[in-house]
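Chemist: sequence first, predicted coordinates after that:
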Amino acid sequence: MTDLATLQAQRQKLAEARATGMRTVQYGDKKVEYRTDAELRAALDDLDRQIAQASGKRVLRIRVASSKGL
């Protein structure tokens, strides 16, 4: 498992890339190219889960769906 500081640095680079509209992120000798913003968001979500797990926190996600009916 990757240490907490490394995960946080990776998340920071990914968040900066997403904010500027870049689709390619390089961290160390690894380079990743994302095709869509959804892929970037999924990668950020995964890093958030890993960071929470490494720091001993529990992440809960609640989805709410509603409709007007038929």
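Modeler: Done, it's in. Everything numeric in this text was worked out from a predicted model, so none of it was measured.
Chemist: quick one: distance of the least confident helix or strand in the chain by mean pLDDT to the chain centre.
Modeler: The least trusted helix or strand in the chain, going by mean pLDDT, DSSP states H and E, turns out to be strand 24-27, with a mean of 82. Put simply, strand 24-27 sits 13 Å off its chain's centre (C-alpha atoms, centre = their mean, to the nearest Å).
Chemist: in its sheet, what does it sit against?
Modeler: Using DSSP bridges, the strands paired with strand 24-27 are strand 30-33 (antiparallel).
Chemist: what's the first helix or strand after the strand it pairs with?
Modeler: helix 37-54 (DSSP states H and E).
Chemist: tell me the buried residues in that next one?
Modeler: Leu40, Ala43, Leu44, Leu47, Gln50, Ile51, Ala54 (16 or more other C-beta atoms under 10 Å). All C-beta spots, glycine's among them, are computed from the backbone N, C-alpha and C.
Chemist: what of stretch 23-32?
Modeler: Val25.
Chemist: span of it from start to end?
Modeler: With C-alpha to C-alpha, to the nearest Å applied, stretch 23-32 spans 8 Å between its terminal residues.
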